[in-house]
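Engineer: could you work out the structure for the sequence below:
(one chain, ligands or ions: 5)
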Amino acid sequence: MSFDIESFGLKMQQKKQFIESCLDTVLSKDDCFPPLIHQAMRYAVFNGGKRLRPIMVLEGGKIAGVDGEAVEMIACAIEMIHSYSLVHDDLPAMDDDDLRRGKPTCHKVFGEANAILTGDALLTAAFQVIAEVGKLPGVDAVRLLRVIGDIACAAGSEGMIGGQVMDLNSEYLNEEQHLETLHLLKTGALFKASLRAGAILGGLDEADILALTKYANHFGLAFQITDDILDVNGDPSLIGKPVGSDEKNLKVTYTTRFGLNGARKLAQQEVKTCLQSLESFGKEADFLRKLAEFSLYRTN
Ligand code: IPE
Ligand code: IPE
Ligand code: MG
Ligand code: MG
Ligand code: MG
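Structural biologist: Numbers count the residues shown, from 1 in each chain. Ligands and ions are numbered 1, 2, ... in the order given. All right, here's what the predicted structure looks like:
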């Protein structure tokens with residue numbers, strides 16, 4: 001497989017910049033009272049994230065033929081939820097990491113208690129942003145309610161939080177299947193909600209929403225398998241987080257279970273399934289096709 005990572009990287013960069021300008025509008029300013037929490041929220045969000053989830057919201061919308069403020073705000077809300085999850089993930093009680101996206105983690109700069117509150121505030125603010133979407137002209141309230149339910153479910157105890165709980169409590173990890181469930185929840189759930197959000201808001205038909213759901217699940221697996229590989233052999237100056245965090249925390253990962261080569265093969269299989277699930281789409285899904293391949297070649 002040959003993949004032009006440079007030209008795809010450039011496209012990603014443009015999309016990332018656009019998302020960041022939307023996030024800047026949506027997030028409370030640094031001097032908003034009390035400034036400490038708003039500075040910490042911005043610190044946790046504006047720090048070199050790849051913005052994959054918001055990009056997926058926009059792509060789902062594009063496939064459903066919708067763009068503009070409504071999808072952009074939902075994209076921001078999901079990135080805020082993702083950023084909160086990273087702030088908490090890095091805390092001493094969880095992965096105890098000092099570096100995130102190339103900078104000291106939120107708790108290293110603002111202290112542990114403030115970092116907990118920063119995560120809480122980002123999660124809460126995300127739903128406030130989504131509520132604002134309901135006030136925009138032309139937004140279908142029933143579709144929006146479905147999106148809200150979807151995002152809440154993906155972020156909650158049967159989604160991302162469920163995955164984090166599995167990750168931190170090794171009794172869940174005795175069987176191979178459980179590792180897949182962990183990844184589907186911890187990482188896949190939010191990708192799934194992202195891609196579905198734009199598609200649902202744009203009124204895509206159910207069969208196509210299901211196809212995108214399948215893509216996102218397998219994308220999440222490929223992405224997290226690569227995350228596990230990068231935790232072993234990544235370049236810390238590129239990935240912006242410490243290498244060896246999983247080993248330090250005695251995590252069962254795709255690399256501990258299958259070895260580096262086994263994990264690479266599994267990631268490739270997942271990408272194949274991603275591509276298969278897009279077969280009913282035309283050129284409008286080309287970016288998602290490339291994004292799936294990118295998940296194998298990414299270095300950060
Ligand atoms: C990191 O996600 C956490 C995982 C779910 C693997 P990303 O790799 O998307 O992190 P950022 O947003 O680009 O920093
Ligand atoms: C974090 O997974 C996933 C969530 C925050 C939901 P990891 O612990 O593997 O992520 P990194 O490696 O710290 O980015
Ligand atoms: Mg973790
Ligand atoms: Mg971690
Ligand atoms: Mg990891």
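Engineer: wait, what's in contact with the residue of the stretch 151-300 of the chain found nearest ligand 3?
Structural biologist: The nearest approach of the stretch 151-300 of the chain to ligand 3 comes at D167, 5.5 Å away (CB to the ion). All C-beta spots, glycine's among them, are computed from the backbone N, C-alpha and C. With contact taken as CB atoms under 8 Å, 6 or more residues apart in numbering, D167 is in contact with L182, K186, K251.
Engineer: just the ones of those in helices?
Structural biologist: With helices identified by DSSP state H, the entries of the contacts of D167 that belong to them are L182.
Engineer: so how do I select the buried members of the contacts of D167 in PyMOL?
Structural biologist: In PyMOL, the members of the contacts of D167 classed as buried (16 or more other CB atoms under 10 Å) are selected with the following command:
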select buried, resi 182+186+251
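Engineer: still on that earlier bit, quick one: the one helix or strand the residue of the stretch 151-300 of the chain closest to ligand 3 maps to near ligand 2?
Structural biologist: When secondary structure is defined by DSSP states H and E, D167 falls within helix 160-168. Yes. With CB under 6 Å from any ligand atom as the threshold, helix 160-168 lies in contact with ligand 2, specifically through M160, Q164.
Engineer: same deal with stretch 143-154?
Structural biologist: No. Against ligand 2, stretch 143-154 shows no contacts by CB under 6 Å from any ligand atom, the least distance being 10.6 Å.
Engineer: how about that stretch as CSV, C-alpha atoms only?
Structural biologist: Output in CSV follows, covering the C-alpha atoms of stretch 143-154 (Å, rounded to 0.1, in the frame of the first residue of the first chain):
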residue,chain,number,x,y,z
ARG,A,143,-32.6,15.2,14.5
LEU,A,144,-30.8,17.4,17.0
LEU,A,145,-32.3,15.5,20.0
ARG,A,146,-31.1,12.2,18.4
VAL,A,147,-27.6,13.6,18.0
ILE,A,148,-27.6,14.8,21.7
GLY,A,149,-28.7,11.3,22.9
ASP,A,150,-26.1,9.7,20.6
ILE,A,151,-23.2,11.9,21.9
ALA,A,152,-24.2,11.5,25.6
CYS,A,153,-24.4,7.7,25.1
ALA,A,154,-21.0,7.6,23.4
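Engineer: ligand 4 contacts on this structure?
Structural biologist: D89, D95 (CB under 5 Å from the ion).
Engineer: and for the chain, the residue most distant from the center?
Structural biologist: No residue in the chain sits farther from the centre than F33, which is 28.8 Å out by CA atoms, centre = their mean.
Engineer: that residue: what secondary structure?
Structural biologist: The three-state assignment at F33 reads coil, by DSSP: H, G, I helix; E, B strand; the rest coil.
Engineer: skipping adjacent residues, who's closest to the residue nearest the centre of the chain in space?
Structural biologist: In the chain, the centroid-proximal residue (CA atoms, centre = their mean) is R53; its distance is 4.5 Å. Leaving aside its sequence neighbours, R53 sits nearest to S194 (CB to CB, 6 or more residues apart in numbering; 4.3 Å).
Engineer: nothing else from me, thank you.
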